[in-house]
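Peer 1: sequence first, predicted model second:
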Amino acid sequence: MIVAHRATRDCDACPVKAMCTKGKLRHLTLHARDLHEALAEARTRQATTGWKTRHALRAGIEGTMRQTTHVTGIRTSRYRGLAKITPEHVIAATAVNLIRLDAYWTGRPLDRTRSSHLARLDFTQAVAGRREPQPPLAGRSEPTESSCIGRAR
């Protein structure tokens, strides 16, 4: 792989300058011919409907694997050996199936939509200016100001 760098002033006389990038530095990456041809062929295959159909199936499997690894922590096993790992994987698969059944029965979607931190804030408390006082727990005294230092309210 060859990476060529050029300054913007070198491109001033170029007839196709308008089609180039607008960055301060010009970088051009050149791959070996066989690698370039393999990449071009792969990109051409990716535009076909057959490839998109196969990839849609893989995308569904990838979503299942992502949910399993993140929800159950199955990426690292607690034990060693197939005899001990198999029950752990069966339990993880059962947990994911129960989570999906719960989402189906309650009508709650599994996937989260992306939102910014600001969009996730609860502005109702900010508008009120303070939180509503909570009744004390039975058998416990009301917390003092010094006992609340360092804790979220």
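Peer 2: All right, it came through fine. All of these numbers come straight from a predicted model, not from anything done at the bench.

Peer 1: for the chain, what spans make up the helices?
Peer 2: 33-46, 49-72, 82-106, 117-120, 123-128 (DSSP state H).

Peer 1: I'd like to know which of those helices lies nearest to V3.
Peer 2: In terms of Cβ to Cβ, the element of those nearest to V3 is helix 33-46, at 14.0 Å. Every C-beta, even on glycine, is put in place using the N, C-alpha and C of the backbone.

Peer 1: and that closest one, what's buried?
Peer 2: Along helix 33-46, no position meets the burial threshold by neighbour count (16 or more other Cβ atoms under 10 Å).

Peer 1: with mean pLDDT and distance to K17 added, can I get the helices of the chain in JSON lines?
Peer 2: Written out in JSON lines, the entries for those read as follows (pLDDT from 0 to 100; distance: least, Cβ to Cβ, whole Å):
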{"stretch": "helix 33-46", "mean pLDDT": "91", "distance to K17": "24"}
{"stretch": "helix 49-72", "mean pLDDT": "85", "distance to K17": "35"}
{"stretch": "helix 82-106", "mean pLDDT": "89", "distance to K17": "53"}
{"stretch": "helix 117-120", "mean pLDDT": "67", "distance to K17": "40"}
{"stretch": "helix 123-128", "mean pLDDT": "57", "distance to K17": "49"}
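
Peer 1: would you list the ones you listed in TSV and tack on distance to A13?
Peer 2: As requested, these are arranged in TSV below (distance: least, Cβ to Cβ, whole Å):
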stretch	distance to A13
helix 33-46	27
helix 49-72	41
helix 82-106	60
helix 117-120	47
helix 123-128	56
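
Peer 1: quick one: which of these is nearest T8?
Peer 2: Put simply, out of those the one that sits nearest T8 is helix 33-46, at 25.8 Å, with distance taken as Cβ to Cβ.

Peer 1: what angle do the closest one and helix 49-72 make?
Peer 2: In terms of direction (axes from the mean of the first three to the mean of the last three Cα atoms, to 10 degrees), helix 33-46 departs from helix 49-72 by 90 degrees.

Peer 1: mind checking how far T48 is from A40?
Peer 2: Taken as Cβ to Cβ, to the nearest Å, the spacing of T48 relative to A40 amounts to 14 Å.
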